Every structure is written in structure tokens, then in C-alpha cells.
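Novice: what would the 3D arrangement of this be:
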Amino acid sequence: MPVERAAAREASGETRTQRDTDLPDAELDRRLARTWGRPAGLVGWLSSVDHKEVGWRYFVTAMVFLALAGSAAMAMRAQLARPDAGLIGPDLYNQIFTMHGTTMMFLFAVPVMQAFGVYLVPLMVGARCIAFPRLAAFSFWVYLFGGLMLWIAFLLNAAPDVGWFAYTPLSGPQFSPGKRSDIWAQMITFTEVSSLAVAVSVIVTVFKHRAPGMTLDRIPLAVWAMLVTSFVVIFAMPAVMLASTMLILDRLVSTQFFNHEAGGDQLLWQHLFWFFGHPEVYIIFLPATGFVSSIVVAFAQRPAFGYLPLVLALVATAFLSFGLWVHHMFATGLPQLGASFFTASSMLIAVPSGIQIFCWIATLWGRRPAMATPMLFVMGFLVIFVMGGMTGVMVASVPLDLQVHDTYFVVAHFHYVLIGGAVFPLLGAFYFWYPKFTGRMMSERLGRWNFWLAFVGFNLTFFVMHVLGLMGMPRRVYTYPSDSGWGPLNMVSSIGSVMLAASFGLFFVNALWSLRRGVRAPSNPWNAGTLEWALPSPPPAYNFARIPIVTHHEPLWKERESLPVAHGLAVDEREILVSTLVEARPDLREVVPGSSIWPLISAIALSIAFVASIFSPYAALWGGALVGAALLGWFWPKSSHEDEE
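Specialist: Alright, predicted model coming up:
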């Protein structure tokens with residue numbers, strides 16, 4: 001091991017490892033910048049394993065996919081604005097519909113939440129880097145190539161057209177010949193590898209890389225949210241990976257997992273998909289609650305009311321999310337006793353969400369928080385999410401669900417929960433942490449316009465869909481007759497979608513304009529209490545020159561003058577502190593690997609294997625050998641300095 005080799009060299013007198021106690025602050029910063037920096041040039045940029053650079057890449061890529069998915073949504077709303085419209089034909093509409101849902105769920109919503117985890121969690125727990133930094137870098141490249149595979153297929157008129165849920169038998173070989181469903185299935189398996197890799201890195205970072213003194217009851221609430229989310233990812237993602245693998249085996253090598261006539265089970269797909277699909281909603285929602293907690297605490301300028309209930313609510317939501325999947329299947333003819341159980345569990349999960357909302361209100365009670373843009377988005381979230389939660393309790397009732405299941409009522413509920421419950425907090429979080437990411441403030445005036453356009457446009461777009469659903473308009477249709485009476489409300493919805501799209505356009509303009517011309521941010525513009533605000537903005541490559549010692553779950557409020565720090569880490573090696581699980585006592589020092597091109601090469605090899613397997617099952621053999629060769633290069637023993645420069 002590198003640590004053992006360094007210790008042996010030091011003991012034998014070959015060299016003496018320079019520690020941070022030996023250097024003044026300016027010299028320490030210079031030496032650490034050289035040790036933790038990446039090589040210059042394009043190869044150095046591609047080789048970077050700095051969690052902040054990886055997080056930024058996730059952000060930018062996810063926002064590009066958001067723009068693409070939003071464009072697909074605008075195309076659908078243009079088609080549905082008027083009855084009997086012929087702007088988009090049924091085949092292209094099905095492709096656009098599938099691309100919108102797939103991109104939003106698999107290429108935007110989950111990755112953008114994990115981007116915050118990759119970037120912020122090490123900073124918030126006082127670590128110099130994320131655990132398994134090369135794995136985190138590998139996860140991004142896998143995510144990028146999976147998304148490119150899907151959208152290149154769309155440009156080649158080979159995009160999937162069976163919905164983002166790909167129900168069998170529609171997605172099976174009998175009803176979907178060609179390669180469209182194969183591309184969808186491989187993309188799902190491929191991108192979930194990325195999510196699992198990030199989840200592992202986040203969990204180990206939180207459990208073993210926390211700063212001394214950051215006991216379990218001092219972990220920031222946003223970090224708790226990312227930790228719980230990562231466990232949900234690990235338990236939920238394998239279900240959809242198994243389902244997509246079974247689907248492509250049915251299509252490519254004629255297995256019969258979902259073929260009823262050959263002894264398979266069509267409903268097996270729905271059970272596997274929704275066993276993942278409902279926790280997926282909370283994989284998106286739980287990080288958003290962590291963002292809300294951080295923003296509320298900072299603007300209330302006092303610790304969160306009910307820290308323990310907030311943490312337990314996160315854990316309870318994660319646990320209960322695995323017992324809800326059948327409420328997506330009430331219309332499939334399940335036994336009534338089973339349906340009753342899932343009705344009860346679907347209503348029960350509203351309890352921990354209610355606890356969180358009351359704790360946030362209690363934190364703000366008696367305060368007059370400044371209504372800056374992050375706080376505006378939190379207030380918008382509270383209004384919209386409560387409305388979405390109320391309709392969620394409604395569709396948990398079997399008799400009502402049977403009436404509205406395949407109507408626009410469910411579309412409205414789904415977007416109220418996901419956009420109101422996740423995207424509004426996400427935008428608030430971006431405004432909140434943008435000064436930390438870039439060193440500049442986003443425009444407050446543009447931010448307010450951004451919020452009000454989003455809030456009004458969202459409600460115009462989706463509230464009327466509740467009424468359309470109760471009027472009987474089915475979802476997943478590309479047109480409707482003029483005598484249905486649905487035309488005026490669809491026009492209102494389409495007008496609202498233009499406002500919503502304009503709000504996101506304004507958000508992108510604000511982010512890009514502020515990157516160059518925004519007001520330079522002070523070190524802690526919100527006077528927040530968590531560790532990331534103790535660092536320069538943007539943070540240096542090594543994060544903390546000296547590891548802080550934590551004495552409170554809002555350490556910057558507890559230690560107003562300066563944070564106490566721990567000493568003893570090496571300066572000329574990428575050495576980090578490993579702490580104990582519960583009490584975060586210093587346990588040992590560990591050297592982590594530096595920049596490497598092998599995560600990118602391994603992701604390219606894996607991409608070739610996955611894409612080739614769509615056209616030939618034998619690619620699983622030679623593609624596996626290609627991936628194995630890349631991993632061999634990745635893990636091949638290096639010099640005592642661990643890696644090449």
C-alpha cells in the first residue's frame with residue numbers, strides 16, 4: 001500500500017514525509033495546490049478526478065439534457081394545443097414522448113441531484129476529496145456516453161417509441177421490431193451503472209471521510225439527504241437493470257421472460273420496473289428536501305427545528321418508498337387485499353413528508369427571512385408540493401385511481417410532485433450555492449423574474465391537466481377530436497408551457513451572464529453555518545489546507561472566530577484522513593490516487609461493448625474482454641507515487 005511504503009521510507013531514513021505542521025499557511029497552500037492539481041492541457045482535463053470538476057461536468061451535462069427534454073415537451077404541447085392538429089405525426093410523437101420522459105427521469109433528474117452530492121458532500125463533511133475519486137470520474141463518462149447513445153439514436157430516427165416505462169408486451173419483440181427498444185434497454189442499464197458508482201462514493205465519503213468531531217448528530221441535513229438517497233439508489237437501481245437486461249435478452253436471444261404464451265409473465269415487467277420506479281421518485285425528491293433544509297436554516301439564521309425528526313423522516317421516506325410500487329398497478333386486476341395494503345402504505349408515506357414541512361415552518365416561525373431568490377423557490381416548493389401530495393393521496397384510493405389512471409389527472413399529479421417537489425428546490429439550491437461554485441452571485445432581479453415565470457407558468461401548464469383528466473382526456477395520445485371539449489384547456493396548458501420554458505431560458509441566461517459579469521461573492525454571502533462556506537469560492541483543488549474539527553452541526557455559527565483544525569497530513573502526497581463511523585474520531589491516514597486517463601478509457605470500452613451488444617450478442621464476449629483490458633490498465637500496479645504524471 002502507498003501509505004505503508006511511505007512509512008517504510010520514512011522509518012528507514014530514505015525520506016521524511018513533509019507534514020502540514022511544518023509549513024506556514026501560504027507555503028502550505030502552494031504545495032498542496034501542486035500536489036492536488038491536475039496535469040495541464042486537454043489530457044490533464046480529461047484525466048481529472050477532482051470531485052468539483054466531476055460535479056461541474058455532471059451539472060452542465062444534466063442541464064443540456066434538461067434543455068433537450070424541455071424542447072421535446074414544447075413540441076408535444078404545440079401538437080396538443082389544438083384539436084386534430086397535424087404538426088407531428090403519431091410515430092414521431094411517440095419518439096418525442098419517450099425521449100422526453102426517459103431524458104427527464106434517467107438523464108436529468110437523478111444525475112443533477114447526484115451532481116450536488118459529488119460536488120458538495122466532501123466539502124460539507126470536511127474532506128479533501130470524494131471517496132474513490134476515479135470511480136466518480138468513471139461514473140460521469142458512463143453517464144455522458146449513455147445519454148449520447150440515446151440522443152444520437154433520435155437523430156438517426158431510431159429513438160425508442162414505447163414510453164419511458166417501456167411496458168411489455170408493447171416493448172417486446174412481437175410488437176416493437178427493430179432496434180428502438182433495444183437502445184432504450186441498453187441505455188437504462190448503462191446509465192444506472194453511473195448512478196450506482198456515485199452512490200458508493202457518497203456513502204463511503206460520509207461514513208469514513210468526515211472531519212474529526214462530526215458525529216452522526218452533527219452531519220448537515222443536506223448530507224443526510226444525499227446519504228439516504230444513495231442507499232435507495234443501491235437497493236432500487238438493480239431492479240430496473242435486471243428488468244432491462246431481461247427485456248433485451250427477450251429481444252436479442254429469444255428468452256421468454258415476458259412472453260405470456262411461452263410461460264413468461266407480462267406483469268413481471270411492471271413489478272420490476274415500478275419496484276425501482278417509485279423509489280426513483282424519492283431518489284429525486286430526497287436530495288431536494290436536503291436543499292430546502294439548508295436554505296431554510298441559512299435564511300432563518302438558526303439551527304433546524306427538529307433535527308432528529310428531519311433525519312428520521314428522510315430514513316422513513318426511503319424505507320416506505322419500497323412498499324408503494326403496486327399503486328401504479330391498481331388497474332391490472334390485482335387481488336383486493338393486496339391493493340388495500342398498498343393503498344395504506346401510499347397514504348402512510350405522506351406522514352414523514354408532513355413532519356418535514358412542519359419542521360421547516362417551525363424553523364422559520366417568528367423570523368423574517370429575506371425573500372431572496374433561493375427562499376422564493378423554497379416557498380414555491382411548499383405550495384406546489386403540498387398540492388401534489390394531496391392528489392397523491394387521492395390516487396392512492398383504488399376506486400378513484402381506476403377512474404383517472406390513464407388520464408391527464410395522473411400526468412398533472414406526477415409533474416406537481418416531481419417539478420414542484422424537486423425542480424423548484426433544485427433551482428433554489430443552484431441560486432444558493434452558485435457563489436460557492438463560481439465565486440460570483442447570480443442576478444437577483446433576473447432570479448425573481450425566473451421564479452415568478454416558473455411558478456405561474458407551471459401552474460398554468462399542469463393545474464388544468466387535473467380538469468382535463470376528470471373530463472376524460474386520456475394520456476399518451478398525440479391528438480384528440482374537436483368535439484371533445486378539451487381544446488380550450490389544452491391551449492391554456494400550452495401557453496403556460498411557453499412561460500415555463502421562458503423561465504428556464506432566463507435561468508440559463510442568468511447563470512451564464514453571472515459567470516462572467518456577476519457581482520463577486522463574499523466568502524459566506526448567506527451567513528450559513530456549514531463547512532463549505534469556510535472555504536474560498538470556488539474552493540481550491542485540495543478543499544481544506546488543514547482539516548477542520550467540528551463541534552456543532554452548524555460549525556461556522558459555533559466557532560465564530562476561526563475553526564479548530566487537525567494537523568498531521570502529508571503535503572507532497574494526496575493524503576486524506578479516515579475517521580470512525582459513529583464518532584468521527586481520526587482513525588488512519590490514507591493516500592488516494594491522483595489524475596488518470598483510465599476511467600475515461602474504461603468508460604469508452606464499456607460503451608463500445610454495450611452499443612455493439614445491441615446488434616450482436618457475441619459483443620458481450622469480446623466487449624467484456626475489451627472492458628477487462630481497460631480495467632487491467634486502470635488497476636495495474638504503479639510506482640510508489642501511485643500514478644504517472
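
Novice: hmm, Leu80 is touching Val492, no?
Specialist: No: contact status for Leu80 versus Val492: not in contact, 11.5 Å apart, counting by CB atoms under 8 Å. C-betas here are computed from N, CA, C, even on glycine.

Novice: so which of these two has more stuff around it?
Specialist: Ranked by neighbour count (other CB atoms under 10 Å), Leu80 and Val492 place Leu80 first, with 26 against 18.

Novice: so the residue nearest to that one when sequence neighbours are not counted is in which element?
Specialist: Closest residue in space to Leu80, ignoring its immediate chain neighbours: Asn490 at 5.2 Å, by CB to CB, 6 or more residues apart in numbering. Using DSSP states H and E, Asn490 maps to helix 487-517.

Novice: so what secondary structure elements neighbour that helix?
Specialist: In terms of contacts (3 or more CB pairs under 8 Å, 6 or more residues apart in numbering; DSSP states H and E), helix 487-517 is packed against helix 51-80, helix 424-438, helix 444-470.

Novice: swap in 10 Å and give it another go.
Specialist: Other elements packing on helix 487-517 under the criterion 3 or more CB pairs under 10 Å, 6 or more residues apart in numbering; DSSP states H and E are helix 51-80, helix 408-415, helix 424-438, helix 444-470.

Novice: format the ones you listed as a markdown table; extra columns: mean pLDDT and distance to Ala109.
Specialist: What follows is the helices and strands packed on helix 487-517, written out as a markdown table (pLDDT from 0 to 100; distance: least, CB to CB, whole Å):
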| stretch | mean pLDDT | distance to Ala109 |
| --- | --- | --- |
| helix 51-80 | 97 | 8 |
| helix 408-415 | 95 | 12 |
| helix 424-438 | 96 | 9 |
| helix 444-470 | 96 | 16 |
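
Novice: so for Phe635, which of the ones you listed sits nearest?
Specialist: Shortest distance between Phe635 and the helices and strands packed on helix 487-517, using CB to CB, is found for helix 51-80: 19.6 Å.

Novice: now that closest one, how far from the centre of its chain.
Specialist: A distance of 13 Å separates the centroid of the chain from that of helix 51-80, by CA atoms, centre = their mean, to the nearest Å.

Novice: list the buried residues in it.
Specialist: Using 16 or more other CB atoms under 10 Å as the test for burial, helix 51-80 gives 51-59, 61-63, 65-70, 72-77, 79-80.

Novice: list the buried residues for the helix holding Asn490?
Specialist: 487, 489-494, 496-501, 503-504, 506-507, 510-511, 514.

Novice: what's the answer for stretch 371-379, then?
Specialist: 372-379.

Novice: same question for it, mean pLDDT?
Specialist: Averaged over stretch 371-379, pLDDT sits at 95.

Novice: and stretch 625-642, by the same measure?
Specialist: In this model, stretch 625-642 has a mean pLDDT of 80.

Novice: just the CA trace of it, in CSV.
Specialist: Output in CSV follows, covering the C-alpha atoms of stretch 625-642 (Å, rounded to 0.1, in the frame of the first residue of the first chain):
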residue,chain,number,x,y,z
ALA,A,625,-12.5,-8.7,-22.9
LEU,A,626,-12.2,-5.1,-24.1
VAL,A,627,-13.5,-3.8,-20.8
GLY,A,628,-11.3,-6.2,-18.9
ALA,A,629,-8.2,-4.9,-20.7
ALA,A,630,-9.2,-1.3,-19.8
LEU,A,631,-9.7,-2.3,-16.1
LEU,A,632,-6.3,-4.1,-16.2
GLY,A,633,-4.7,-0.8,-17.2
TRP,A,634,-6.6,1.0,-14.5
PHE,A,635,-5.6,-1.3,-11.7
TRP,A,636,-2.1,-2.2,-12.9
PRO,A,637,0.4,-1.6,-10.0
LYS,A,638,2.1,1.8,-10.3
SER,A,639,5.2,3.4,-8.9
SER,A,640,5.4,4.5,-5.3
HIS,A,641,3.9,7.8,-6.4
GLU,A,642,0.8,5.7,-7.3
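
Novice: quick one on the thing from earlier: what angle sits between the helix holding Asn490 and helix 408-415?
Specialist: Using axes from the mean of the first three to the mean of the last three CA atoms, to 10 degrees, the inter-axis angle of helix 487-517 relative to helix 408-415 is 20 degrees.

Novice: which parts of the chain are strands?
Specialist: 575-579, 586-591 (DSSP state E).

Novice: which other helices and strands does the longest one contact?
Specialist: Judged by 3+ CB pairs under 10 Å, 6+ apart, strand 586-591 is in contact with helix 2-12, helix 180-208, strand 575-579.

Novice: mind putting those into JSON lines with distance to Ser47?
Specialist: Output for the helices and strands packed on strand 586-591, formatted as JSON lines (distance: least, CB to CB, whole Å):
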{"stretch": "helix 2-12", "distance to Ser47": "19"}
{"stretch": "helix 180-208", "distance to Ser47": "17"}
{"stretch": "strand 575-579", "distance to Ser47": "19"}
